[in-house]
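Engineer: Model the structure of this input:
(2 chains)
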Protein chains: 2
Amino acid sequence: MAEKKVIGIDLGGTTVKFGILTTSGEVQDKWAIETNILDEGKNIVPDIIDSINHRLELYNLSKGDFIGIGMGSPGSVDLVNNTVTGAYNLNWAKTQAVGEAIFEGTGLELAIDNDANVAALGERWKGAGENDPDVVFMTLGTGVGGGIVAAGNLLHGAGGAAGEIGHVTVEPIDGFECTCGKKGCLETVASATGVVRVARKLAEQWEGDSVIKSAIDNGEAVTSKDIFSKAQAGDKFAVLVVDKVCFYLGLAAGNLGNTLNPSAIVIGGGVSAAGEFLRGQVEDYFNQFTFPQVRQTTKIKLAELGNDAGIIGAASLALKFEKA
Amino acid sequence: MAEKKVIGIDLGGTTVKFGILTTSGEVQDKWAIETNILDEGKNIVPDIIDSINHRLELYNLSKGDFIGIGMGSPGSVDLVNNTVTGAYNLNWAKTQAVGEAIFEGTGLELAIDNDANVAALGERWKGAGENDPDVVFMTLGTGVGGGIVAAGNLLHGAGGAAGEIGHVTVEPIDGFECTCGKKGCLETVASATGVVRVARKLAEQWEGDSVIKSAIDNGEAVTSKDIFSKAQAGDKFAVLVVDKVCFYLGLAAGNLGNTLNPSAIVIGGGVSAAGEFLRGQVEDYFNQFTFPQVRQTTKIKLAELGNDAGIIGAASLALKFEKA
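Structural biologist: Numbering: from 1, shown residues only, chains lettered A, B, ... in the order given. Next comes the predicted model:
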């Protein structure tokens, strides 16, 4: 009998990504479907079931070939009941019994967690985390999210909010207002829109030649990508903005290091496309804000799996059914 | 046959505290001996062995009545080899094979961890932590230490530095220098000497009637206890100092909450003798620096076990020998 496999699902507001993986995390096949969020997203789970059953048929596989399914989802995930609530980019305001429906539709058990946690598991298992027991993942995108693996366990905390690195306070006195209701969150200065927000603020007091500064003053659309690429090209104002963003990221990463001393703090998400230019500057501030033992044992790394982190981490959730 | 017991040892620079506990954490007997740090502390372990053997004889107990021994120690603890290095308040500069010696001397296996971690385990097991899976402990004394239990595990991190809450950066721009080599650490503003340091700094710019301000300006000895007691009595300058210290503690606690979302952050150590007066003010800042989910599920609590946290937490380490 061939070794059993696992299925990983990365559920997003635009696409649903699927992967068939070995138990050692090799992606053997992957595909994606569009997310149909119409009618309160009521077609999403049936579409997922159809797509899995179709693929299994196509490859002449049956449920007996699989240990189970793992899924990363937006919104608030109930790990015990396998339900999702308040995933607004899926139009899922009400609680969805995702696990039950998928088990009925495929005959396979489902393990589910939130998308940032699942991406963290993926990077820890097969990416920059090198499968170490202590790894922190932060993703810089539309928002700033994260996941923490400590002593080998993904952390959820008392209310499911562990790993919400985007809401660490990095500017306690005069910070920007955050969508969470408090001020000075990392997300307000290090997400894609946060980087632009920092630029707008610094533009008020900066004088000199800069295409970024001019664009902001002229009310033109400026993106975080523009700011990073101009900074790399030597635009002095853009350099200043990137330095400030990296100060905040290095402070947050430093305190994650001082608290958890993981072997790696892995940076992913769209903003991390700036690559080594970003990583090196974050590391400089990280070194400034950590004490020697941490500085020597915690590394700042870039994520390695890109879009596959979700399906890989999701698949890893299903390994818990292995001995069942 | 009676239920087996565990022994907990809290090794400190002044006294060694011992406890005999049931496996459910009830202290059945406790005693203490003086720590003899003469001759590079070479008598410490033999004294511990003699004291245990003497007590066991006294109570007509033998090694067969015990599962094992747990110990909390200052210095850098090697959990695998059960050794301690660089415990300067014991005069242990060189590595001490504590576990081996105690096993030879008593016939009982030893599990060891550092003193702050062990106190955290104690408060988590039988104190304010209510045996929850996610509990953070911070101790405000001569220094600021801590321990983190996350998803049921005590964290050590990649280099053994997890839980070093005293070195979280709370003043990134213009902080005081810390003994660790960096600046702005929580310890520089919230340890017993840190509170006085904050007072000295604020005294430079404060005008008005205050016994604390006068004492500082006159070069008299002022303690953190004096500052807290005068603040409670309404001294305006002392109130300002306590507010600033609680701002830093609330910021650090808030970010521990935003990161780990424990059910409780437990404050202990000498400075926490200020009790509810301290706790309430830390909580106010904690609420300001946490997002709603964390604010609703993470509580700020005072430690409950006092001096017994060490022997209770140490004893809990020995439970791992139960099934061996």
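Engineer: Spatially central residue for chain A, please.
Structural biologist: Centroid check for chain A by C-alpha atoms, centre = their mean gives residue A:116 as the closest residue, at 3.8 Å.
Engineer: need the contact list for that residue.
Structural biologist: Applying C-beta atoms under 8 Å, 6 or more residues apart in numbering or on different chains to residue A:116 gives the contacts A:137, A:139, A:145, A:146, A:147, A:163. Where you see a C-beta, it was placed from the backbone N, CA and C, and this is true even at glycine.
Engineer: looking at those, which has the most residues close by?
Structural biologist: Among the contacts of residue A:116, residue A:137 has the most neighbours (other C-beta atoms under 10 Å in any protein chain shown), with 33 neighbours.
Engineer: Show me the strands in chain A, by range?
Structural biologist: A:5-11, A:15-22, A:27-34, A:66-73, A:76-78, A:83-85, A:110-114, A:135-140, A:144-150, A:153-154, A:264-268, A:299-302 (DSSP state E).
Engineer: Residue A:190 reaches residue A:245, doesn't it?
Structural biologist: Yes: between residue A:190 and residue A:245 there is a contact under C-beta atoms under 8 Å: 5.7 Å.
Engineer: Hmm, residue A:256 is touching residue A:267, no?
Structural biologist: No: at 11.3 Å, residue A:256 does not count as touching residue A:267 under the criterion of C-beta under 8 Å.
Engineer: Looking at these two now, which is surrounded by more residues?
Structural biologist: Shown here are residue A:256 and residue A:267; by other C-beta under 10 Å, residue A:267 has more neighbours (28 against 25).
Engineer: pLDDT weak spots in the stretch 1-150 of chain A?
Structural biologist: Low-confidence segments of the stretch 1-150 of chain A (pLDDT under 70): A:1.
Engineer: For chain B, give me its nearest residue in it.
Structural biologist: Of all residues in the stretch 1-150 of chain A, residue A:150 sits closest to chain B, at 4.9 Å by C-beta to the nearest C-beta.
Engineer: For residue A:140, which residues count as its bridge partners?
Structural biologist: In this entry, residue A:140 is beta-bridged to residue A:144, by DSSP bridges.
Engineer: how close does it get to residue A:183?
Structural biologist: Going from residue A:140 to residue A:183 by C-beta to C-beta, to the nearest Å gives 19 Å.
Engineer: ok, these two, which is more surrounded?
Structural biologist: Taking other C-beta under 10 Å, residue A:140 and residue A:183 do not tie; residue A:140 has more neighbours (30 against 17).
Engineer: From what I see, the more buried one and residue A:273 are in contact.
Structural biologist: No: counting by C-beta under 8 Å, residue A:140 does not reach residue A:273; the two are 9.4 Å apart.
Engineer: picking up where we left off before, burial count for the residue of the stretch 1-150 of chain A closest to chain B?
Structural biologist: 26.
Engineer: Tell me if I'm right that it and residue A:262 touch.
Structural biologist: Yes: taking C-beta under 8 Å as the definition, residue A:150 is a contact partner of residue A:262 at 7.4 Å.
Engineer: okay, and the common contacts of these two?
Structural biologist: Joint contacts of residue A:150 and residue A:262 (C-beta under 8 Å, 6+ apart) are A:134, B:157.
Engineer: and residue A:34, how many neighbours?
Structural biologist: Around residue A:34 there are 9 residues (other C-beta under 10 Å).
Engineer: Not counting its neighbours along the chain, what's nearest it?
Structural biologist: Spatial nearest neighbour of residue A:34, chain neighbours left out: residue A:15 (6.1 Å); criterion: C-beta to C-beta, 6 or more residues apart in numbering or on different chains.
Engineer: can you pull the contacts of the one you found?
Structural biologist: A:32, A:33, A:34, A:35.
Engineer: Distance check, residue A:301 against residue A:130.
Structural biologist: 9 Å.
Engineer: intersection of neighbour lists for these two?
Structural biologist: In contact with both residue A:301 and residue A:130: residue A:264, using C-beta under 8 Å, 6+ apart.
Engineer: the domain parsing of chain A - what is it?
Structural biologist: For chain A, the domain assignment from automatic domain parsing gives the residue ranges A:5-120+A:308-321, A:132-303.
Engineer: Quick check: the gap between residue A:96 and residue A:80.
Structural biologist: Taken as C-beta to C-beta, the span from residue A:96 to residue A:80 is 15 Å.
Engineer: do residue A:318 as well
Structural biologist: The value you get for residue A:318 to residue A:80, if C-beta to C-beta is used, is 16 Å.
Engineer: Mind jotting down where the helices sit in the stretch 201-324 of chain A?
Structural biologist: A:211-217, A:224-232, A:236-260, A:276-288, A:292-297, A:309-317 (DSSP state H, counting those that start in this stretch).
Engineer: Tell me which of these sits most buried.
Structural biologist: The highest mean neighbour count among the helices of the stretch 201-324 of chain A, using mean count of other C-beta atoms under 10 Å in any protein chain shown, belongs to helix A:309-317: a mean of 29.
Engineer: just how off-centre is that one within its chain?
Structural biologist: 12 Å (C-alpha atoms, centre = their mean, to the nearest Å).
Engineer: same check, this time on stretch A:114-131
Structural biologist: 9 Å.
Engineer: before we move on, what about stretch A:26-46?
Structural biologist: With C-alpha atoms, centre = their mean, you get 19 Å for stretch A:26-46.
Engineer: which parts of that stretch are buried?
Structural biologist: A:27, A:30, A:32, A:35, A:37, A:41, A:44, A:45 (16 or more other C-beta atoms under 10 Å in any protein chain shown).
Engineer: now do stretch A:81-96
Structural biologist: A:82, A:83, A:84, A:87, A:90, A:91, A:92, A:96.
Engineer: Quick one: residues in contact with it.
Structural biologist: Taking C-beta under 8 Å, 6+ apart as the rule, stretch A:81-96 contacts A:11-13, A:35, A:37-41, A:44-45, A:73-78, A:97-100, A:110-112.
Engineer: With distance to residue B:126 as extra columns, can I get the buried residues of stretch A:26-46 in TSV?
Structural biologist: TSV is the format used below for the buried residues of stretch A:26-46 (distance: C-beta to C-beta, whole Å):
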residue	distance to residue B:126
A:27	47
A:30	50
A:32	51
A:35	49
A:37	50
A:41	47
A:44	47
A:45	45
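Engineer: can I assume residue A:244 is in contact with residue A:202?
Structural biologist: Yes: judged on C-beta under 8 Å, residue A:244 makes contact with residue A:202 at a distance of 6.6 Å.
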